[in-house]
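Chemist: Give the three-dimensional model of this entry:
(one chain, ligands or ions: 1)
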Amino acid sequence: MATEKWVLMVTAQTPTNIAVIKYWGKRDETRILPVNDSISVTLDPDHLCTVTTVAVSPAFDRDRMWLNGKEISLSGSRYQNCLREIRSRAGDVEDKEKGIKIGKKDWEKLYLHIASHNNFPTAAGLASSAAGFACLVFSLAKLMNVEEDPSHLSAIARQGSGSACRSLFGGFVKWTMGSKEDGSDSVAVQLADEKHWDDLVIIIAVVSSRQKETSSTSGMRESVETSLLLQHRAKEVVPKRILQMEEAIKSRDFASFTQLTCTDSNQFHAVCLDTSPPIFYMNDTSHRIISLVEKWNRSEGTPQVAYTFDAGPNAVLIARNRKVAVQLLQGLLYYFPPKSDTDMKSYVVGDNS
Ligand code: 2P0
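Modeler: Presented below is the predicted three-dimensional model:
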């Protein structure tokens, strides 16, 4: 390692992902191991993403991190687990131009500075830890020359936030729950790449920008402890649904994809209602959007739009193609006209054309 002062840095950008078969419930809280498999679609990198720069220098005296410009603590176990796992896999790094040589062992004595930004307004209530932890792990792996494939990296990102493991890949991604106690087989795998089904357009209708009252982490803990429906869902429903969804994605069967996506979202929210005390993530506007899409799909005779809602009231709408997306946006603006800046806004996030 050269003795003079230097800084080596890497910047990466990682999009968030939207689950079409939901992850809800952990069998191991520390390692973040889920009670069922899940499937998601990763958004385009230009939308709803995190940009992270990681830097290393002998001038740094401790690990530090800034999120959207504000310093945050790295003392939590989720950050510590990710940093430890990455450091333990660090390789030799050489930058001939700068005359920097870092040996494997040197990483134990070097500290990191991390700056992370979400390119999506946090006020929209869609900020997700998925893109954040995926980007952190990916950028650190690049900086430290960690020679692991994305699935192995996904198992590290998973320890930051469960859904983060799915953001290590583009396109359609499955998070396999795994069966090993140490979580080494609880990894993400790509089912289909970004180009496989690029007709789809994803529209996010921001219903409320308010912070959710129950975090996903505590909500799923309460569901695991109290909901019998969650047990039934994890054991009996999701395993079959995962196979059906894999088939629907493979064959680009939009009717089947829509039926599975909508039903799974509704069951996830039914589990939330079955939790004691019940958790309400959707509101009246969310329910009105569901009714609108259901009526439209029925009147067309064949599904045009799939809906899915995460741990909040905002609608994620997946249109079968660009033409349908335009009609959908017109419908949303007609039925939910924005009265002011703070009213519902729609963000088209999946339009590649
Ligand atoms: C999902 N959600 O599959 C589901 C659907 C929300 C509803 O993953 O505790 O932030 O960090 O593992 O990943 C949100 O949960 O929770 C989530 P932790 P995470 O996308």
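Chemist: C-alpha from now on. contacts and neighbour counts both.
Modeler: OK.
Chemist: can you pull out the strands in the stretch 151-300 of the chain?
Modeler: Under the criterion DSSP state E, counting those that start in this stretch, the stretch 151-300 of the chain contains strands at 172-175, 188-192, 201-206.
Chemist: Pick the most deeply packed of the ones you listed.
Modeler: Mean neighbour count (mean count of other CA atoms under 10 Å) peaks for strand 172-175 among the strands of the stretch 151-300 of the chain, with a mean of 26.
Chemist: if you look at it, does any of it touch the ligand?
Modeler: No: using CA under 6 Å from any ligand atom, strand 172-175 stays clear of the ligand, coming no nearer than 9.2 Å.
Chemist: so what does that strand touch, helix or strand wise?
Modeler: If contacts are counted by 3 or more CA pairs under 8 Å, 6 or more residues apart in numbering; DSSP states H and E, strand 172-175 sits against strand 38-42, strand 188-192.
Chemist: Take these and lay them out in a markdown table including mean pLDDT.
Modeler: What follows is these, written out as a markdown table (pLDDT from 0 to 100):
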| stretch | mean pLDDT |
| --- | --- |
| strand 38-42 | 97 |
| strand 188-192 | 98 |
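Chemist: And those: which comes nearest the ligand?
Modeler: Closest to the ligand of the helices and strands packed on strand 172-175, according to CA to the nearest ligand atom: strand 38-42, at 6.2 Å.
Chemist: Would you quantify the distance from Tyr23 to Ala306?
Modeler: Tyr23 sits 18 Å away from Ala306, going by CA to CA, to the nearest Å.
Chemist: now Thr214
Modeler: 25 Å.
Chemist: In terms of packing, which of the two has more residues around it?
Modeler: Ala306 (25 against 14; other CA atoms under 10 Å).
Chemist: Phi first, then psi, for the more buried one.
Modeler: With angles defined as degrees, to the nearest 10, Ala306 sits at phi -100, psi 150.
Chemist: Format the strands of the stretch 151-300 of the chain as TSV; extra columns: distance to His152.
Modeler: Converted to TSV, these look like this (distance: least, CA to CA, whole Å):
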stretch	distance to His152
strand 172-175	12
strand 188-192	8
strand 201-206	28
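Chemist: closest to Gln231 out of the ones you listed?
Modeler: Among those, strand 172-175 comes nearest to Gln231, with 18.6 Å by CA to CA.
Chemist: pLDDT at the closest residue to Val224 other than its chain neighbours, what is it?
Modeler: Setting aside the residues directly before and after it, Val224 is nearest to Gly25 in space (CA to CA, 6 or more residues apart in numbering), at 5.7 Å. At Gly25, the model reports a pLDDT of 98.
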